[in-house]
Each structure stands twice: as C-alpha cells, then as structure tokens.
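Enquirer: generate a structure from the sequence data that follows.
(one chain, ligands or ions: 1)
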Amino acid sequence: MIHDLVIVGGGPAGLAAAIYAGRAKLEGFILEKMSPGGQVLITDLVENYPGFPEGITGFELVEKLSAHAQKFGFGVENGEVQKIEVEGENFNLILTDDRTITSKTVIVATGATHRRLGVEGEEKLTGRGVSYCATCDGPFFRDQVVAVVGGGDSAVQEAIFLTKFAKKVFLIHRRDELRAIKILQERAFSNEKIEFIWDSIVEAIEGKDQVESIRIFNKKSGEVTDLPVDGVFIFIGIEPVTGFVRDLVKTDERGFIKTDEWMRTSVKGIYAAGDCRRKPLLQIVTAVAEGATAAYAVEHDLS
Ligand SMILES: Cc1cc2nc3c(=O)[nH]c(=O)nc-3n(C[C@H](O)[C@H](O)[C@H](O)COP(=O)(O)OP(=O)(O)OC[C@H]3O[C@@H](n4cnc5c(N)ncnc54)[C@H](O)[C@@H]3O)c2cc1C
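Expert: Here you go, the predicted structure:
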C-alpha cells in the first residue's frame, strides 16, 4: 500500500502535523521510535506555552497533544526509520526492524537530542550519576550534591528544578554571565541552594562505579580544581536528529534541515518541522506551528 503521508517522529511537531492531517482527511500515520511526546516528556513544567497561564507539566501537555491527534484518526505506530529511499514519485521508509513503508509524502519531525560534553568519564558514568534529564533522574539525588553544566534556559530551569531534591546545586558555566532569559536568571540568583561557578569548563568526570567528582578548569585563573559531587546534569545545547536524511535533503553545517516557509525541503514530497529544522527559536510553540504548516503544505501539494 502507498500511504498519503507518513510523519516521522511523534513530538509536538509530529503530533500537531497529525491533528492537521487528520482533519484534512489525509491517510497515513506517525512513526515514533519510543512513546509520543519527544523532549516534552523530559520537561518538568512548561511555563511558556500559550493558553496555560499557570504552566502545565510536560507529561500533561503530551497527554493532551496525543489525545488531540488521535481524535482526528491520524494514529501513531511504533517504528524507527533508519533510511529514506526515493522510488519514482514515492518514498520508501526503511525501518530498523527491516519493514519498508511506502508513502507519497513524508514529514520529518525527528527533533533534537542533547549534546555531550565529550570529556573523560562522561560515557562510562552515564546513568551512574551523569544525566541529561533532571525530570527523569532528579529524585535520585535527594539531599545530595549535584552539578549542572550550561548557562542557557534549559540549564538554569533544570538547576532550579533540582533544588527540590538536592541539598546543593553547583551551576558551572564557561562564561561570566548566563544566556538564559531574565526571569529564570532572577529565580536562580535568589535560590540559596544554587552556587555559580563562572568561567569554568568541566574537563573530566571522575568516579569508579558512580560519579564522585568533576575536574574543573577556570579559564581566567588557569586553576584546576576537583569538585566532589554525586551527580552531573549536562545541558549544553542540542543537535538535530537528522543523520538518516542528511544525504537526501539539504541541511546546514550542523545538520539542521533547510526548508522554505511551507516546510518543504530540497526534495519534493519531503517536509520538515520542529527542532530538526534550521530556525532561530527551538520551542514547543514553534514546533507545533511548523507541524501544522507542513501538514497544510502536504494537503495543498497532494491536491
Ligand atoms: C529539558 C528541556 C526543557 C525544555 N523546556 C521547554 C519549555 O519550557 N518550553 C518550550 O517551549 N520548549 C522547551 N523545550 C524544547 C522543546 O521540548 C522542543 O522544542 C520540542 O519538543 C521540539 O519538538 P519536536 O517535535 O520538533 O521534537 P522532539 O520533541 O525532539 O520529538 C522528536 C520525536 O521524534 C522521535 N524520533 C527521532 N528519530 C526518529 C526516527 N528515526 N524514527 C522514528 N521516530 C524518531 C523521537 O523519539 C521523538 O519522540 C525543552 C527541552 C528540553 C530538553
């Protein structure tokens, strides 16, 4: 069978595309390698999504988005796409379990994933004190000491969240000021549990079976110190999940997919939406807007 549309990825972009595709009576489904929700599933509280002045937990927002997508009949199937091949005017999506799905159009909504520090000890101690998700792992650090690495919105927001559990949170940033928005900065500066370590780079994460300390290099003084901590949370940015289409559609040098304002990529019939796409603001509100636009473009182009 040749489907009208397959959406790869069931984060906010994919789910919003499904709502619009379902209402437009397009035939097809979302392919999601895990459970729908994407990065929102690992976000504690979403404070900036319009319509929820009190904020909404990431989990609740995912439940609402998923239910909304299902309501219009555009379902979610489990599967991980490892390759897309062009066959005439259609696309063959090759899954990791060797299934092949053929579709007239594809929306790539595979989002982004955390960047690693790339230092000694990071890989070995991931899941043993090194984490990229405060919502998932924060409760394991009750009354312990943790370090957060980064200075953007995610780092500061998650550092504040971690003070619910940890007795002390060191925020280590390579510059002498934060990049996070002002409201988060104010909250972090007034939180007594957070101590800032400026101008510093984590050089190594140390510990035998579990994180015991981190080695920090101060760029201004040249001093190297060992800071004893029980956990390290790393929020130093993200990279797009686009490896499986990089030799098919045009991307920028970091791998973000380039599109026009209709979310059309360089290949006719393939669209991209959300964090995998090159754009200035990587947030839920932009992801859902682009998902909607991509589904609208598919409907327009197919008819
Ligand atoms: C800790 C944290 C806090 C955040 N806080 C906020 C906030 O407060 N407000 C806000 O607006 N934004 C926030 N964001 C950003 C926001 O979550 C993202 O901008 C948004 O989730 C992007 O949506 P997306 O659908 O493009 O991608 P994602 O959410 O990354 O979803 C992509 C989906 O695609 C799936 N997938 C990937 N590859 C494949 C494949 N090959 N085959 C099948 N499925 C695949 C993934 O499993 C995933 O479910 C936060 C992010 C993080 C990490």
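
Enquirer: any idea how many residues pack against D209?
Expert: A count of nearby residues for D209, using other Cβ atoms under 10 Å, gives 9. No exception for glycine: its C-beta is placed from N, CA and C like everyone else's.

Enquirer: so the biggest helix by length in the chain, near the ligand or not?
Expert: Scanning the chain for the helix with the most residues, using DSSP state H, yields helix 284-302. Yes. Shown here: helix 284-302 in contact with the ligand (Cβ under 6 Å from any ligand atom) through I284, V285, A287.

Enquirer: out of these, who's the most crowded?
Expert: A287 (29 neighbours).

Enquirer: these two touch, right, that residue and A16?
Expert: Yes. Counting by Cβ atoms under 8 Å, A287 does reach A16; the two are 7.1 Å apart.

Enquirer: so what sits against both of those two?
Expert: Shared contacts of A287 and A16, defined by Cβ atoms under 8 Å, 6 or more residues apart in numbering, comprise A273.

Enquirer: for the ligand, what's its nearest residue on the stretch 51-200 of the chain.
Expert: Going by Cβ to the nearest ligand atom, the ligand is nearest to G111 of the stretch 51-200 of the chain, at 2.0 Å.

Enquirer: distance from the longest strand along the chain to the middle of the chain?
Expert: Secondary structure of the chain per DSSP state E: the longest strand is strand 100-108. Relative to its chain's centre, strand 100-108 lies at 23 Å (Cα atoms, centre = their mean, to the nearest Å).

Enquirer: export it to PDB, keeping only CA atoms.
Expert: Provided in PDB are the C-alpha atoms of strand 100-108 (Å, rounded to 0.1, in the frame of the first residue of the first chain):
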ATOM      1  CA  THR A 100       9.500  -1.000   4.500                       C
ATOM      2  CA  ILE A 101       6.700   1.600   4.400                       C
ATOM      3  CA  THR A 102       5.900   3.500   1.200                       C
ATOM      4  CA  SER A 103       4.400   6.900   1.200                       C
ATOM      5  CA  LYS A 104       3.700   9.700  -1.300                       C
ATOM      6  CA  THR A 105       4.900  12.300   1.200                       C
ATOM      7  CA  VAL A 106       6.900  12.400   4.400                       C
ATOM      8  CA  ILE A 107       7.200  15.000   7.200                       C
ATOM      9  CA  VAL A 108      10.400  14.700   9.100                       C
END
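
Enquirer: can you offset everything so residue one is 45?
Expert: In the new numbering, first residue 45, that becomes strand 144-152.

Enquirer: name the helices or strands packed onto whatever helix or strand comes next after it?
Expert: Per DSSP states H and E, strand 144-152 leads on to strand 156-158 as the next helix or strand towards the C-terminus. If contacts are counted by 3 or more Cβ pairs under 8 Å, 6 or more residues apart in numbering; DSSP states H and E, strand 156-158 sits against strand 282-284.

Enquirer: C-terminal to the strand it packs on, what's the next element?
Expert: Per DSSP H and E, the helix or strand that comes after strand 282-284 is strand 314-316.

Enquirer: touching that following strand from outside, list them.
Expert: With contact meaning Cβ under 8 Å, 6+ apart, strand 314-316 is reached by 128, 135, 149-153, 289, 292-293, 301, 303, 306-309, 334, 338, 341-342.

Enquirer: and for the residue nearest to F277 when sequence neighbours are not counted, the neighbour number?
Expert: Closest residue in space to F277, ignoring its immediate chain neighbours: V192 at 4.8 Å, by Cβ to Cβ, 6 or more residues apart in numbering. If you count neighbours by other Cβ under 10 Å, V192 ends up with 30.

Enquirer: any idea whether V192 is helix, strand or coil?
Expert: Taken by DSSP: H, G, I helix; E, B strand; the rest coil, the conformation at V192 corresponds to strand.

Enquirer: separation between V285 and the ligand?
Expert: Applying Cβ to the nearest ligand atom, to the nearest Å, the value for V285 to the ligand is 5 Å.

Enquirer: that residue and A153 touch, don't they?
Expert: No. Counting by Cβ under 8 Å, V285 stays clear of A153, with 9.8 Å between them.

Enquirer: which residues are common contacts for these two?
Expert: Residues touching both V285 and A153 by Cβ under 8 Å, 6+ apart: G53, C320.

Enquirer: so Y93: helix, strand or coil?
Expert: coil.

Enquirer: scratch that, F103
Expert: What three-state DSSP gives for F103 is helix.

Enquirer: I'd assumed I86 was in contact with it.
Expert: No. Contact criterion Cβ under 8 Å: F103 and I86 do not qualify, at 9.6 Å.

Enquirer: only alpha carbons, please: show the helix or strand harbouring F277 as PDB.
Expert: Assigned by DSSP H and E, F277 belongs to strand 275-278. Only the C-alpha atoms of strand 275-278 are listed here, as PDB (Å, rounded to 0.1, in the frame of the first residue of the first chain):
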ATOM      1  CA  GLY A 275      25.700  13.800  40.100                       C
ATOM      2  CA  VAL A 276      26.300  15.800  36.900                       C
ATOM      3  CA  PHE A 277      23.500  17.200  34.800                       C
ATOM      4  CA  ILE A 278      24.600  18.300  31.300                       C
END
